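Colleague: Predicted coordinates and the sequence they were generated for:
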Amino acid sequence: MDTTSRVLKLPEAPREFALWIDGRPVAAEDREIYTRHSPAHDVPVTRIPMGTAEDLDTAVAAARRAFDDRRWSGLSGADRAAVLLRAADGIRARAEELAYWETLENGKPIAQARAEVGGCPGMYEYAAGVARSLHGDSFNNLGDGMMGLVTREPIGVVGIITPWNFPFLILNERVPYILAAGCTMVAKPSEFTSATSLILGEVLAEAGVPEGVFNVVPGLGPVVGQAMAEHTDIDMLSFTGSTRTGRGLLSAAGSNFKKLGLELGGKNPQIVFADADLEDAADGVAFGIGFNAGQCCVSGSRLIVERSVAAEFADMVAAKLARVRVGDPLDETTQVGAVTTEAQNDTILRYIAQGRDEGAELVAGGAPVDLGRGQFIAPTIFAGVTREMAIAREEIFGPVLTVMPFDSLDEAIAIANDTDYGLAASVWTKNLDTALTVTRRVQAGRFWVNTTLAGGPELPIGGFKQSGWGREAGVYGVEEYTQVKSVHIELDKRDPWIS
Ligand code: TXE
């Protein structure tokens, strides 16, 4: 038992928030207030005004003005980069505050929230570099009379809809790249976790992001989110959330054929070969399913393991998970905190019951953890799982791992690809041929070899198949928010059409 543990205090009263529109806070006034309770402590922690469709119109109009008058897109890449670098420092300066409110609203451990917030300044610094280096192409091979240019232009006003599992991280995997591209934007966080998105408004304004370039309208999905998808003055929508809601947005986005970026669900394989460093792999698999209480679109929720070591390996993972510290997220030593929403808690418990009913064998966990308050679920492992079972096919979004054995490389790849999703995958082996063959043939937008859940500002994220469209982060993540213009330049006299 770690006796050095430090437990942060709960706030004395819930913190009041305002909307963030056109570079300033807009007070709640007579808007409905959503009082968010900490899912770990059952006490009110924030009070968030629920924006309306009219608020969205106001914010989109501000973003449109800011885009059309070129106050941001007209700056040089160097000037945009200077603002992005100041924003990175601004996040660093308020990192502890951001991590604290993230933990209170989401239920994730404070140490994890600090690490997530701590990863965000690097996104701004990287995007600052891309803002300066973003370029098009030229064609000097069209003959003496003609030159061709391909230029990149910002796509315009962007809508961002984010979920509750990584409220600050997911937002910041988008915002700096969108800023680097020269766009303006309106963000709608999940109603459960709006605080850190609203704090970001202040940080960006202080860094010198001009008024109207970054707006936040907190509110309900079917109200503000739906209006955003339908809005004809939004040029692109970046949505992160469930595949079901994402599918619904397809027709709404048709209002003006806005471009869609979609990061949706996953049912991600962890493929473990007998020649892997099993100790390392067991730790990675435990981390891949336990991290954020399994509420990650990239959680490694399907363990596909070579039959000769399957039983031994499942026991190793179970032993690791038994030692994971599930507890109060305000305790700095906690590794797994609360399940974020009541609905998600019910969903996870329902899947665990379904796994039992379908005849899977419970190896570990399988029940809530009673801490006297809040909602917590013990990391859970099911063996004897078949490909048809719901727990093997559907995204549970909780700490529930299914184990399926394989006998050959081809079978491992076939099981891994037997899903509608294609977000992420991990392979554990010491054999280079095996690692590369699996990496080539498994359909997933993100791949990890002998590790899992690694990430950073440089590498793009996004999914294959029903896990989504487009890419965020990296140079790709900036290019997504641009459109390409081709320019033909006549250097001589045109051949006349009418002589
Ligand atoms: O997601 P929603 P929910 C998966 C996960 C989870 C399930 C349900 O399996 O169990 O989704 O979670 C906004 N128009 N993921 O119900 O509804 C909503 O307000 C426009 C995976 O919370 O998709 C929030 O801001 N927007 C995922 C965002 O969409 C709408 C992360 C996501 O909520 C809307 C979260 C509408 N009609 C859940 N309805 C991942 N890929 O990481 C809701 N929203």
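Modeller: Noted; the coordinates are in hand. All figures in this text were calculated on a predicted structure; none of them were measured in a lab.

Colleague: helix, strand or coil for Leu98?
Modeller: Leu98 falls in the helix class when you classify it by DSSP: H, G, I helix; E, B strand; the rest coil.

Colleague: just the residues of the protein that are near the ligand, which are they?
Modeller: Counting by C-beta under 6 Å from any ligand atom, the chain comes close to the ligand at 161-165, 188, 190-191, 221-222, 225-226, 229, 240-242, 245, 248, 263-265, 297, 344, 347, 395, 397. C-betas here are computed from N, CA, C, even on glycine.

Colleague: Give me the subset of those lying in strands.
Modeller: Among the residues of the chain next to the ligand, the members found in strands (DSSP state E) are 161, 188, 240, 263.

Colleague: Determine which two of these are furthest apart.
Modeller: Lys188 and Glu263 (14.9 Å; C-beta to C-beta).

Colleague: quick revisit: pipe the ones in strands among the residues of the chain next to the ligand into TSV and attach distance to Thr35 and neighbour count per row.
Modeller: Shown next, in TSV, are those (distance: C-beta to C-beta, whole Å; neighbours: other C-beta atoms under 10 Å):
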residue	distance to Thr35	neighbour count
Ile161	22	24
Lys188	19	28
Thr240	24	24
Glu263	29	28
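
Colleague: Please name the nearest non-neighbouring residue to the residue in the stretch 351-499 of the chain positioned nearest to the ligand.
Modeller: The minimum distance from the stretch 351-499 of the chain to the ligand, using C-beta to the nearest ligand atom, falls at Phe397 (3.7 Å). Using C-beta to C-beta, 6 or more residues apart in numbering and skipping the chain neighbours, the partner closest in space to Phe397 is Gln295 (5.3 Å).

Colleague: Correct me if wrong: the one you found contacts Thr341.
Modeller: No - in this structure, Gln295 is not within contact of Thr341 by C-beta atoms under 8 Å, at 9.2 Å.

Colleague: out of the two, which sits in the more crowded spot?
Modeller: With neighbours defined as other C-beta atoms under 10 Å, Gln295 and Thr341 compare such that Gln295 has more, 23 against 20.

Colleague: What residues does that one make contact with?
Modeller: Gln295 is in contact with 165, 339-340, 344, 397-398, counting by C-beta atoms under 8 Å, 6 or more residues apart in numbering.

Colleague: buried subset of the residues of the chain next to the ligand?
Modeller: Applying 16 or more other C-beta atoms under 10 Å to the residues of the chain next to the ligand, the neighbour count classes 161-165, 188, 190-191, 221, 225-226, 229, 240-242, 245, 248, 263-265, 297, 344, 347, 395, 397 as buried.

Colleague: Show me what the host helix or strand of Ala414 is in contact with.
Modeller: Assigned by DSSP states H and E, Ala414 falls within helix 409-417. By C-beta under 8 Å, 6+ apart, the surrounding residues in contact with helix 409-417 are 269, 271, 273, 302, 304, 306, 387, 404, 406, 425, 434, 437-438, 441-443.

Colleague: Which SSE is immediately downstream of that helix?
Modeller: Note on helix 409-417: by DSSP H and E, the next helix or strand toward the C-terminus is strand 424-428.

Colleague: quick one: Ala131 from the ligand, how far?
Modeller: Noted for Ala131: a distance of 27 Å to the ligand, by C-beta to the nearest ligand atom, to the nearest Å.

Colleague: hang on, that residue packs against Arg80?
Modeller: Yes - between Ala131 and Arg80 a contact is recorded at 4.5 Å, counting by C-beta under 8 Å.

Colleague: Can you report how many residues lie near Gly182?
Modeller: Gly182, neighbours per other C-beta under 10 Å, totals 25.

Colleague: distance of it from the ligand?
Modeller: Gly182 is 25 Å from the ligand, where distance means C-beta to the nearest ligand atom.

Colleague: got the contact list for that residue?
Modeller: Residues in contact with Gly182, defined by C-beta under 8 Å, 6+ apart, are 72-73, 75, 80, 153-154, 482.

Colleague: Could you do Pro329 as well?
Modeller: Residues counted as contacts of Pro329 (C-beta under 8 Å, 6+ apart) are 40, 103, 107-110, 113, 337-338.

Colleague: for His41, same thing?
Modeller: 10, 328, 330, 373-374.

Colleague: Need the three-state assignment for it.
Modeller: Under three-state DSSP, His41 comes out as coil.

Colleague: per-residue pLDDT, it?
Modeller: Looking at His41, its pLDDT reads 98.

Colleague: Which residue lies nearest the spatial centre of the chain?
Modeller: The chain has Ile170 as the residue nearest its centroid, 3.8 Å off, counting by C-alpha atoms, centre = their mean.

Colleague: any idea how far it lies from Asp346?
Modeller: 23 Å (C-beta to C-beta, to the nearest Å).

Colleague: same check, this time on Ala281
Modeller: On the measure of C-beta to C-beta, Ala281 and Asp346 end up 32 Å apart.

Colleague: Kindly report the same for Lys465.
Modeller: For Lys465, the distance to Asp346 equals 27 Å [C-beta to C-beta].

Colleague: the more surrounded of the two?
Modeller: For Lys465 versus Asp346, neighbours defined as other C-beta under 10 Å are more numerous around Lys465 (16 against 12).

Colleague: So the more buried one sits against Asp418, correct?
Modeller: No - at 11.4 Å, Lys465 does not count as touching Asp418 under the criterion of C-beta under 8 Å.

Colleague: Met146 reaches His488, doesn't it?
Modeller: Yes - contact criterion C-beta under 8 Å: Met146 and His488 qualify, at 6.2 Å.

Colleague: So if I had to pick from the two, which one is more boxed in?
Modeller: Applying other C-beta under 10 Å to Met146 and His488 shows that Met146 carries more neighbours, namely 15 against 10.

Colleague: In three-state terms, label the nearest residue in space to Ala229 that is not next to it in sequence for me.
Modeller: Leaving aside its sequence neighbours, Ala229 sits nearest to Ala252 (C-beta to C-beta, 6+ apart; 3.6 Å). Here Ala252 is recorded as helix under three-state DSSP.

Colleague: and Ala252, what is it in contact with?
Modeller: By C-beta under 8 Å, 6+ apart, the residues touching Ala252 are 226, 229-230.

Colleague: Let me have those residues in JSON lines, extended by distance to Tyr34 and pLDDT.
Modeller: Converted to JSON lines, these look like this (distance: C-beta to C-beta, whole Å; pLDDT from 0 to 100):
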{"residue": "Gln226", "distance to Tyr34": "17", "pLDDT": "98"}
{"residue": "Ala229", "distance to Tyr34": "21", "pLDDT": "98"}
{"residue": "Glu230", "distance to Tyr34": "22", "pLDDT": "98"}
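
Colleague: how about low-confidence regions in this protein?
Modeller: Counting by pLDDT under 70, the chain contains low-confidence ranges at 1-5.

Colleague: In which helix or strand does Gly456 reside?
Modeller: For Gly456, there is no host helix or strand (DSSP H and E).

Colleague: how deep is it tucked in, by neighbour count?
Modeller: Residues lying near Gly456 (other C-beta under 10 Å) number 11.

Colleague: cool, and the one 5 residues further on?
Modeller: By the criterion of other C-beta under 10 Å, Ile461 has 22 neighbours.

Colleague: Contact partners for it?
Modeller: 173, 263, 445-446, 455, 471-473, 477.

Colleague: mind running it again at 7 Å?
Modeller: By C-beta atoms under 7 Å, 6 or more residues apart in numbering, the contact list for Ile461 reads 173, 445-446, 455, 471-473.

Colleague: Give me the phi and psi for it.
Modeller: phi -130, psi 150 (degrees, to the nearest 10).

Colleague: Okay, and the beta partners of it?
Modeller: Ile461 has these beta-bridge partners by DSSP bridges: Glu472.
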